[in-house]
Structures are given as structure tokens and as C-alpha cells.
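A.B. asks: Prediction below, plus the sequence it came from.
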Amino acid sequence: MFDGDHPAPLLDVRGLTKSFGGVQALRGVDLSVLPGEVHCVLGQNGAGKSTLIKILSGAYQPDGGTISWQGNAVTIANPVAALGLGIATMYQELDVVDGLSIAENVFLGHELATGGVLRGGEARRRTRELLTRLGHGSMAPGREVGSLPAAGKQLVSMARALSRDARLLIMDEPSAVLDAEEVKNLFRVVRELTAQGIAVVYISHRLEEIREIGDRITVIKDGSSTAVGLPVAETPTPELIRLMTGRTVANVFPPATPPAAAAEAVLTVTDLAVRGVFEGVSFSVRAGEIVGLAGLVGSGRSEVLETVYGARRPTAGSVTVAGRALSPGSVTAAVDAGVGLSPEERKSQGLLLSEPIYRNVTLATFPRFARASLLDERREREVTREQIESLELRPADPDRQTGTLSGGNQQKILLARWLVHGTRVLLLDEPTRGVDVGARAEIYALIRQLAAAGTAIVLVSSEIEEVLGLADRVLILADGRVLDTRNASDLTEHDVLDLVLKGSAA
């Protein structure tokens, strides 16, 4: 890690501005990155982080301000120019080509060739050297990238950056698709890179990650930097939240309102199983209760939700809602019974990104808006405006294209869909993935409000703190089995991890 000394900046950005039409995306951003440090950039969705990244990677040109590289003013005309300087960017959506080998991906765009003939042997040799440098020399350079997990694809992207002699690596939400063990390995690789003098700009919504990996922090709010180069170890979390949101978030998790003791079970899951995935899962959820499923990636958490929702057909067991058995493997039956799912991959599985907000909100209730086989779009918009106002969705435009919204607002659209439907059981899979800290607090409050109104909620999250902070009861899973069920108030993060790790090793 960076040792705290202050050498001359590798990258120095002053007063960067950028507008798109009449929208000012950057209003004056400063950023100073030192050699060999992990410099974290924080900000809510829409703060301007993505615009800053694209300017530094050469995808956008700034309207004003200066960029200095190793003490010299530069213009980063395009991505090739950025790579030529030594600036490489790893976007959240990894830019690897599944049909090519690791070596082919590493040298994609700057292939090793003589007289038009590719030097495949040298590419594989150099790729092996780069992977060894990253601590993964056992990975075969000829392996097809599509067969790798997300963590492996990230390593390929890092190797590609190193093959370009990168001095600065920009990492956008690199842990979003990784489990806890993969995140640890990512941090190990980042520390090895910084020990070699490579600087890393690390962008993440997860404050606990920044505490672990970061050296200094720059905060962006509404297109302006509100703090530049704060030492991570000396800056308390409430101060970071204030700098990002403009307000103090004293308690991220709203106070719990336990369900009435006499409340009846709305959802009952009995001995549910999908062969080879999970088995013997049983639990019930009362009206107004939040039940959390905690476990590592691969424990079967998401698959349980998908089976309850009917997206997977069980090989054993049953699901009942308000005493009515659901047809196994039928999403229609589940939705008709009042079950709604907010999936882990909301962009690919939950939303129609190219459609307007109102169409996504009414997606589960089309029959209500049909007149003589035609949709009443005026009524769709009216209902959506009510949800926009209730959920404080921004921008407040039902015709806005869904794909242009921030992660937090996209999550609100999914909640609005099931509110309009009148859902009795809400299944939430990673409801705050890719959502900034300000929007998280809003979503937590909405989840609590839904429970207080009598909705039975099942919550899956990779963040144990989130499960314990929201749930009334917690099921702990490992390797497709329920290890234990306890009141959330009786558990700590250490308790959950201890149980999960022991269960996985059994």
C-alpha cells in the first residue's frame, strides 16, 4: 500500500468541466493521483464519476479544465492516446471477448505480429508472464475466456492493461460481480500492482471496501469535487456520507417494526429442492416480516428465490401463498398469487432498459390497462406518476428511458412495479447492488415501509450487514442446505461467517 509520502502526482486534474446539451455533468472536478497509491473516487449515482472516467480514458473530451500527466499538460484525444500515456480503464461491464483465448484477449488491439503473421507462441509466453505477475501463473493462456468466472475475466483485463505498460489502472466497480473470496483475491492483486509503483483509481459504492483497500479518497457531488485526497484512515464514514449526499445519515437502517405476533404466514416453503442446487429448504414468512437468506455465492440463495417465483421448477417440495399451493415452475401462477421478484441482475432480468419508465412500472399488470385489446397509455402514465411521487423517483418523468436512470432509481422502478400489482410476497435479490449510499438509505426505508404495510419480504444480499440490518429472521445457507435459522438481533456478522464457513467445509 501507499506509504503516506507525497511524491509528485502521476495524474493531476484541475477544474474539469463537461456538459451534454443543456446538462452540466462536470462543474469543476479536481483529482490528484500519486504513483503507487489506491485512490478511491466516491459519489452517488449521477455525481459525474462515469463522465470523469470517460474523459480520462479518452472516450470524451472535456469542455474546460486541465489534465497533467507526470507533470506535463496533456490532451487525451482518444482511448489509444490514453493507453499510449499509460492509462488503462477496466469498466464494470468487462470488455473481454468470450470466443477468444486469454492470450488473444490480452493482446487484442495490439497483436504481436511480423509481416502480418501473428506470433501466437510469443503472445502465450508473455501472457503467462503477466498472469504470473498477477499471482495466477497457473492459468492457461490458451484457455477460452468465456469459460472463466467473472474474477478470471477481471484478471484478463488487468493483464491486458499491464501488456500496455499501464502506469495508472482505473477500476470501475470491480467487485460488483465477485463473492467475498474473489474480492480478497482482487485486493491482493491490487496491492501487488501498487507495490510495483502502478497507481489505481478505485471506484466503488462499498465503503467497507474503500476502508480496506484505499489510501486516499476524492468525493464528487453534483459534478463537483467536494473533497480531494482525503486520507482514508483519518476520515470517518459519516463525513464521507455528508460529502457525498450533502446531509448526515445518522442511521442507514431505519428502525425495525416487528410483525404482529398473531400475523399469519403469507408464504410457506416446505422441503423445497432443485436437484444439484439446493435441498430441503423450509421456511415461512408472516405478513409484515422480513426474512433474510445469508450465505456465500453458490450457497443457493438466489436459486431459492427463483424457485419460489416459479422461474425454476423444483424437483421436490412445495410453495404456498396464503394457504394456496402454487403450480411448480410457473411464474404466472406466482404472480397471480401476489408474488413479486426483484432479480439480482435487474438490468438483464428485471427491466426493459429501452422502454420508458411507465411501461416498466406496469409490466406485471398490463390487463388492468387494456381497453379493447389496446393499452391505455394515459392511465399507465397516471399510475406511474403516483409511484414516482411516492418513491421520490428521479427524474420525475414517466416517459424517460429506463436505461438512462441510476441504479438506485432503477431499483425503485422494480419496487413500483410490484406496488402497483399489489404484491403480498416480495422477493428481493441484491436490492442495493450498484446503488450509492444515499439511494441505499432510501431503498432501506422503502423496504421497511412495505413490511410495515403488511408485505411479506424475503431478502438476499451478499452484504451480511445488510441482511442483519433489515431482516427480522435469518436463514443461513451453505452448499444448498439451511444450516440454521435465528432472529437477526441474536446474530453478528462474525456469527454468520463462522456458521457459513463451517457449513461449507463440512
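C.D. replies: Nice, thanks for sending it over.

A.B. asks: got a list of contacts for stretch 389-408?
C.D. replies: Applying CB atoms under 8 Å, 6 or more residues apart in numbering, the contact partners of stretch 389-408 are 44-46, 347, 351-358, 360-361, 380-381, 384-385, 387-388, 409-410, 412-413, 415-416, 419, 433-436, 438-440, 442-443, 446. No exception for glycine: its C-beta is placed from N, CA and C like everyone else's.

A.B. asks: Any of the residues you listed buried? List them.
C.D. replies: Among those, those classed as buried by neighbour count (16 or more other CB atoms under 10 Å) are 44-46, 351, 356-358, 360-361, 380-381, 384-385, 387-388, 409-410, 412-413, 415-416, 419, 433-436, 438-440, 442-443, 446.

A.B. asks: Map the structural domains onto the sequence of this structure.
C.D. replies: When the chain is parsed with automatic domain parsing, its domains come out as 11-245, 262-338+426-431+456-506, 340-422.

A.B. asks: So which of the contacts of stretch 389-408 are in strands?
C.D. replies: Using DSSP state E, no member of the contacts of stretch 389-408 sits in strands.

A.B. asks: can you put the domains of the chain in JSON lines and add mean pLDDT and distance to residue 256?
C.D. replies: Shown next, in JSON lines, are the domains of the chain (pLDDT from 0 to 100; distance: least, CB to CB, whole Å):
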{"stretch": "domain 11-245", "mean pLDDT": "88", "distance to residue 256": "21"}
{"stretch": "domain 262-338+426-431+456-506", "mean pLDDT": "92", "distance to residue 256": "7"}
{"stretch": "domain 340-422", "mean pLDDT": "89", "distance to residue 256": "19"}
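
A.B. asks: For residue 253, find the nearest of these.
C.D. replies: Taking CB to CB, domain 262-338+426-431+456-506 is the member of these nearest to residue 253, at 3.8 Å.

A.B. asks: picking that back up, will you turn the domains of the chain into TSV that also has distance to residue 450?
C.D. replies: Shown next, in TSV, are these (distance: least, CB to CB, whole Å):
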stretch	distance to residue 450
domain 11-245	22
domain 262-338+426-431+456-506	6
domain 340-422	8
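
A.B. asks: Could you list which residues are in contact with residue 218?
C.D. replies: Counted by CB under 8 Å, 6+ apart, residue 218 has contacts 30, 31, 32, 39, 40, 41, 42, 225, 227, 228, 229, 230.

A.B. asks: same question, residue 145
C.D. replies: 96, 97, 98, 99, 100, 101, 102, 105, 152, 153, 156.

A.B. asks: For the first one, what are phi and psi?
C.D. replies: So the one you mean is residue 96. The phi/psi pair for residue 96 (degrees, to the nearest 10) reads phi -100, psi 160.

A.B. asks: ok, now how distant is it from residue 144?
C.D. replies: 11 Å (CB to CB, to the nearest Å).

A.B. asks: Which one of these two is surrounded by more residues?
C.D. replies: When residue 96 and residue 144 are compared for neighbours, residue 96 comes out ahead with 19 against 15, by other CB atoms under 10 Å.

A.B. asks: Quick check, that one in contact with residue 153.
C.D. replies: Yes. Contact criterion CB atoms under 8 Å: residue 96 and residue 153 qualify, at 5.0 Å.

A.B. asks: in stretch 458-474, what's buried?
C.D. replies: 458-464, 466-474.

A.B. asks: Inside helices: which ones of those?
C.D. replies: 464, 466, 467, 468, 469, 470 (DSSP state H).

A.B. asks: Sort out which one of those lies nearest residue 50 for me.
C.D. replies: The closest of those, once distances to residue 50 are taken by CB to CB, is residue 466, at 24.2 Å.

A.B. asks: ok, now which ones touch the closest one?
C.D. replies: 432, 459.

A.B. asks: now with 10 Å?
C.D. replies: 252, 253, 292, 294, 430, 431, 432, 440, 444, 459, 460 (CB atoms under 10 Å, 6 or more residues apart in numbering).

A.B. asks: And residue 414, by the same measure?
C.D. replies: With CB under 10 Å, 6+ apart, residue 414 has these contacts: 340-343, 346, 350-351, 360-361, 363, 426, 428, 431.

A.B. asks: Likewise for residue 303?
C.D. replies: Taking CB under 10 Å, 6+ apart, one finds 272, 274, 277, 278, 281, 311, 312, 460, 477, 480 in contact with residue 303.

A.B. asks: Relative to residue 152, how far out is it?
C.D. replies: 22 Å.

A.B. asks: returning to that earlier point: turn the contacts of residue 145 into a markdown table, columns for secondary structure and distance to residue 402.
C.D. replies: Shown next, in a markdown table, are those (DSSP: H, G, I helix; E, B strand; the rest coil; distance: CB to CB, whole Å):
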| residue | secondary structure | distance to residue 402 |
| --- | --- | --- |
| 96 | coil | 26 |
| 97 | coil | 28 |
| 98 | coil | 26 |
| 99 | coil | 30 |
| 100 | coil | 32 |
| 101 | strand | 36 |
| 102 | helix | 35 |
| 105 | helix | 31 |
| 152 | helix | 31 |
| 153 | helix | 26 |
| 156 | helix | 31 |
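
A.B. asks: Can you tell me which of those are buried?
C.D. replies: By 16+ other CB under 10 Å, these give 96, 100, 101, 102, 105, 152, 153, 156 as buried.
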